[in-house]
Structures are given as structure tokens and as C-alpha cells.
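S.K.: sequence first, then the predicted structure:
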Amino acid sequence: MSATGGSGDVRLPKTMKVKNKQPAQRQITAEQILREAKDIQLEDDFKAPKTIITDPEELAEYRLQKRKHFEDHVRRVGRWNHSVWVKYAQWEESQKDFRRARSVWERALDVDYSNVTFWLKYAEMEMRHRFVNHARNVWDRAVSLLPRIDQLWYKYIHLEEMCRETAKARLVFDRWMAFEPDHAAWMAYIKFEMRYNEVDRARAVFDRYVEVLPSVKAWVRYAKFELQNNDVARARSCYERAMEALGEDGNTEEFFLRFAEFEEMVKEPERARAIYQYALDHLPKSAAQQLYARFVQFEKQHGTREGIEDVVLSKRRFTYEQEIKENALNYDAWFDYIKLEETTGNHDRIREVYERAVANLPPGHEKRFWRRYIYLWIKYALFEELDAKDQDKAREVYRASLKLVPHQSFTFAKLWLLAAKLEIRAKRLPAARKILGLAIGTCPKNKLFREYIQLELTLGNIDRCRTLYEKYLEWNPANASAWLKYAELEVLLAETGRARALYELAISQPVLDMPEALWKAYIDFEIAQGNRD
């Protein structure tokens with residue numbers, strides 16, 4: 001085909017020749033062009049070009065392109081990028097095509113019905129354009145499929161209240177309460193009833209509330225509700241019912257604080273004091289610090305001097321209880337605790353502390369561990385005898401303590417002697433002799449023999465004294481002091497022959513602890529008798 005032919009020939013444009021084939025001074029690459037274009041788009045004052053639509057055909061074409069764009073997008077990333085569905089539906093809403101917008105939302109819910117954002121924006125679209133029945137249908141489906149999402153219930157109820165459908169809102173609340181939600185949901189229901197002055201209905205809801213969620217928090221709210229309605233008797237009944245319903249779970253610091261504060265508020269200080277004291281007696285000390293501080297403040301406001309002193313004692317008791325809890329074998333802490341209780345004069349409480357103290361036995365059968373412990377028993381017995389004036393109880397204390405001591409390993413002469421002296425003060429001499437005889441037979445000690453002999457000597461029983469000295473020397477023949485005392489006794493009785501025989505027998509012993517003292521006493525004895533040779 002010729003470029004210059006007849007009428008049927010195609011004429012080609014004339015080829016332009018480049019006159020200057022030298023490279024330009026400024027080179028521009030494709031990469032540079034793309035980068036400059038991107039920078040222009042990122043500028044703050046950049047505005048996308050505005051499309052001006054002038055006729056229905058252009059509008060239909062625009063909508064077709066946008067829908068095609070959205071459909072391609074949701075097909076590619078709609079399964080995991082949920083914001084695509086939201087943008088698609090909102091665009092359809094902006095076009096006032098609510099049928100298509102609903103279709104998009106329904107397709108989105110088919111992809112992931114558990115996405116709360118879908119339900120919220122779907123229903124808000126219906127509410128925005130006053131499609132009340134459609135919105136109600138969306139909320140109903142949402143709460144049926146996701147009953148544990150509180151926000152959906154709140155929005156549903158808000159819709160019904162905006163439409164002044166109080167009965168329907170109450171039905172929604174009842175449906176919600178069937179799932180036993182948390183405290184906030186129950187309080188929302190109660191506040192709903194109170195907005196319409198339905199006090200009896202609110203009280204019925206509270207009854208269901210404390211039955212479904214039996215807790216201190218629920219009962220305290222119930223009591224505050226009754227107090228706000230100026231019904232003091234019902235409010236007090238709530239606290240009393242709470243103690244019965246919750247049992248041990250209700251014995252918490254928070255509950256007793258609220259109960260006592262309620263009684264203070266209604267001008268019942270005696271009731272409040274009783275609650276504080278009951279709580280401090282029954283709660284662990286470590287769990288009642290705030291309660292104790294509030295009780296001190298209460299007593300300063302309403303109490304007498306005796307009451308304030310009792311509170312101070314309670315604080316010191318708490319300190320000692322903490323020390324004992326850390327180390328139950330800290331006998332010094334027990335002594336201080338007992339001394340504190342003895343200042344109160346409450347015998348029952350004092351006995352209780354004594355019993356708790358003596359229940360903590362030393363860790364081993366070594367006397368050094370028992371030295372402080374045994375004085376707890378001694379103080380206990382002296383308290384029963386001197387303060388409580390109960391000799392029978394003191395006698396039982398001594399018996400119990402003597403049974404605990406491992407006499408085969410060691411003993412405490414003081415304990416035996418105090419038990420015997422108690423019997424002497426009670427004019428029960430046979431019982432005292434029995435105790436001392438048992439002590440000598442079980443675990444003889446020098447102090448036991450000396451005290452027993454002194455007792456019989458005071459009573460003038462010389463034969464018993466001689467018998468005891470014989471047993472004493474038979475048990476410990478090396479004790480020079482015992483020989484001296486025995487000989488001096490015979491000298492006092494003018495039994496010179498017996499005394500000389502004792503001295504002779506004593507110096508003939510193979511082992512003596514103080515032989516020089518014995519020889520000196522023997523020599524002085526003979527000089528006194530005039531036998532210088």
C-alpha cells in the first residue's frame with residue numbers, strides 16, 4: 001500500500017527528524033516522576049480531584065465503578081479486614097440506597113456474626129434514619145446471638161426508652177437478667193425502674209439481684225437503696241438478712257464497716273459499738289486494720305473513757321497477736337500479753353490467753369528450752385490462787401504442769417515446791433507430803449531435800465527429819481553440806497553421840513565435795529565438847 005496513493009491509500013504522518021541528538025543537561029527518570037507524584041499526594045493541602053456528575057447516566061456509571069471497586073476489595077480481603085465491609089455499607093448509606101446497605105451488612109454478618117462493630121453500626125444506621133422496627137429487629141438478633149455482650153443490651157434498651165416503650169424495655173431487661181449478668185447490669189435495671197418511680201418493682205429486682213449474686217456488694221447496695229427511700233427498718237433488715245444468707249462469706253471487714261456506718265448514720269451508737277466489737281472478736285486481726293482504726297475514731301466521738309481505754313487495749317492486743325503469729329514460742333511476748341490482760345481483770349480472757357500460751361510446748365527435751373516456758377505455768381497457778389481465789393483450779397494447773405515436764409531428763413524443784421506450798425496453805429499437810437515424797441522418789445534434787453527437811457523441822461517432826469536426811473545422804477553421800485546440817489540438827493537436840501557418829505561416818509566417805517568444811521566443823525564440835533585431844 002502506498003503512502004501517496006489514490007483515495008484508498010492511508011497517509012502516514014511525516015517523520016520528524018531530531019536536529020540535536022545531544023543528552024539533555026537535566027536527566028529525569030521514571031522513578032523520580034513517581035516519587036514526585038507520591039509526594040504531591042501526601043501534602044496536607046492536597047485534594048483529590050472532584051468529580052462533577054451532570055446527568056443520571058454519569059451517576060449510574062460512577063456508582064457502578066464504586067460498587068465494582070468495593071466488591072473486588074471485599075472479595076480479596078473481606079474475610080480478615082472487616083473495615084472494608086463497614087466502608088462499603090456506609091457508602092451505600094450515603095447514596096441513600098438502604099436496601100443495598102442492609103444487604104452489605106447482612107453479608108458482613110454472614111462472614112463474622114460475632115463482630116460487635118457490625119451489629120452496632122448496622123443498628124445505628126437504622127436508628128439514624130428512623131427505621132425503628134428494622135433497628136429493633138437488628139438489636140433483637142444481636143442480643144440473641146451475643147447475650148454476653150452488655151453493650152448490645154444497653155443499646156437495645158436505650159432504643160426502647162427513646163421510643164417511650166417502657167414495657168418493652170422492661171421485657172428486654174428481664175431477658176437480660178435471665179443470663180445472670182454482673183452487678184452493673186442489675187444496677188442498670190434498678191435505676192431504670194427508679195427513673196419511672198417504680199419503687200416496688202426496684203425492690204423486687206433487688207431481691208432477685210441478691211439471690212443471683214449473693215455478695216457483700218449486692219446486700220450493701222440493697223440496704224443503701226432502702227435508706228434512700230427513708231425506710232430504716234428495711235435497711236437494717238437487709239444487713240441482718242445478709243449475715244444469715246452469706247454465713248462465713250459475709251464476715252468481711254467491708255461488710256461490718258458498712259453495717260456500723262449505717263447504724264451511726266441513723267443515730268444508733270450502741271448498735272454500732274456492738275457491731276464493731278463483734279467484728280473485732282470474730283475477724284482475723286490481719287484482716288481488720290481499717291475496722292479497728294474506724295472503731296477508735298468512733299469511740300473518740302461517741303464513747304466514754306472506759307470505752308476508749310478498751311479500744312487502746314484492743315490495739316495492743318492486736319500487736320501481741322501479730323508477734324505471737326510470727327513466733328508462737330516467743331514466751332516473752334506471751335508474758336507481755338498476759339500482763340496486759342491481767343490489767344483488765346477479765347478472768348475468762350486471762351485464762352484463755354494462759355491456755356493458749358501453755359499449749360506451745362518447747363521444741364526439745366533440753367532444760368534450757370523449758371526455763372522460760374515453765375514460768376507460764378507458775379504464773380497461771382498463782383493467778384488462779386491469788387487473783388481468781390480458786391485453789392482447786394490452781395491445784396489442777398500444778399498437776400498438769402508436772403505431767404508435762406519430762407522428769408526422767410530434768411525437773412524443776414520450784415514447781416514441786418510451789419505445788420506443795422499450795423497444799424500447806426490449804427491446810428492439807430498429807431497432800432503436801434505426798435507431792436514432796438513423789439518429787440524425791442521421781443527426780444531427787446538437793447533443793448527438794450532441803451525444803452522438805454525444813455518443812456518437817458518447822459513442824460517439829462524430828463524422826464521424819466532424820467529419815468529424810470538418811471535418804472538424802474544415801475542419794476548423795478558426797479554432799480558435805482548435808483552431813484553438816486544433819487550433825488548440827490543432832491547437836492541442837494543434845495544428841496552428842498549421834499552427832500559424833502555422823503561426823504565420823506562423814507569423814508570416812510571416799511569422796512566429798514567440801515572435806516575441809518566438814519573437818520573444820522568436826523574440830524569445832526569437839527572443842528565445844530571440851531575434847532581438845
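M.R.: Okay, I see it.

S.K.: CA atoms for contacts and neighbours, from now on please.
M.R.: Will do.

S.K.: how much space separates Trp186 from Pro214?
M.R.: Trp186 sits 13 Å away from Pro214, going by Cα to Cα, to the nearest Å.

S.K.: between these two, point out the one with more neighbours.
M.R.: Using other Cα atoms under 10 Å, the more surrounded residue of Trp186 and Pro214 is Trp186, with 22 against 16.

S.K.: and stretch 38-53, end to end?
M.R.: End-to-end distance of stretch 38-53 (Cα to Cα): 27 Å.

S.K.: pLDDT on that stretch, on average?
M.R.: Taken as a whole, stretch 38-53 has a mean pLDDT of 70.

S.K.: and stretch 500-509, by the same measure?
M.R.: On average, stretch 500-509 scores 85.

S.K.: and it, what's buried?
M.R.: For stretch 500-509, burial by neighbour count (16 or more other Cα atoms under 10 Å) applies to Arg500, Leu502, Tyr503, Ala506, Ile507.

S.K.: show me the contacts for the first one.
M.R.: By Cα atoms under 8 Å, 6 or more residues apart in numbering, Arg500 lies in contact with Ala487, Tyr522.

S.K.: same question, the fourth one
M.R.: With Cα under 8 Å, 6+ apart as the criterion, the residues that contact Ala506 are Ala480, Trp483, Leu518.

S.K.: between those, which is nearest Asn360?
M.R.: Asn360 has its nearest neighbour among these in Ala480, at 40.7 Å by Cα to Cα.

S.K.: pretty sure that closest one contacts Val511?
M.R.: No. The criterion here is Cα atoms under 8 Å, and Ala480 misses it with Val511 at 9.5 Å.

S.K.: give me the more crowded residue out of the two.
M.R.: For Ala480 versus Val511, the count of surrounding residues by other Cα under 10 Å is larger for Ala480: 23 against 13.

S.K.: mind checking how far the more buried one is from Ala487?
M.R.: Remark: distance between Ala480 and Ala487 (Cα to Cα) = 11 Å.

S.K.: any weak-confidence spans in the protein?
M.R.: Low-confidence segments of the chain, defined by pLDDT under 70: 1-14, 16-19, 41-48, 303-311, 532-533.

S.K.: follow-up on the earlier one: now distance to Lys300 too, for the buried residues of stretch 500-509, in JSON lines please.
M.R.: What follows is these, written out as JSON lines (distance: Cα to Cα, whole Å):
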{"residue": "Arg500", "distance to Lys300": "79"}
{"residue": "Leu502", "distance to Lys300": "76"}
{"residue": "Tyr503", "distance to Lys300": "76"}
{"residue": "Ala506", "distance to Lys300": "75"}
{"residue": "Ile507", "distance to Lys300": "77"}
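
S.K.: next, format those as CSV and append distance to His407 and secondary structure.
M.R.: Putting those into CSV (distance: Cα to Cα, whole Å; DSSP: H, G, I helix; E, B strand; the rest coil) gives the following:
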residue, distance to His407, secondary structure
Arg500, 37, helix
Leu502, 32, helix
Tyr503, 33, helix
Ala506, 30, helix
Ile507, 33, helix
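
S.K.: which two from these end up farthest apart in space?
M.R.: Arg500 and Ile507 (10.8 Å).

S.K.: how near is the spatially most central residue of the chain to Val353?
M.R.: By Cα atoms, centre = their mean, the chain has its centre lying nearest to Ala287, at 5.6 Å. In this structure, Ala287 and Val353 are 21 Å apart, going by Cα to Cα.

S.K.: with Arg195 instead?
M.R.: 56 Å.

S.K.: tell me which of these two has more neighbours.
M.R.: The neighbour comparison of Arg195 against Val353 (other Cα under 10 Å) goes to Val353, with 18 against 9.

S.K.: got the phi and psi for the more buried one?
M.R.: phi -70, psi -40 (degrees, to the nearest 10).

S.K.: ok, it - contacts?
M.R.: Contacts of Val353 by Cα under 8 Å, 6+ apart are Tyr337, Ile338.

S.K.: counting neighbours, what do you get for Ala528?
M.R.: Counted with other Cα under 10 Å, Ala528 comes out at 10.
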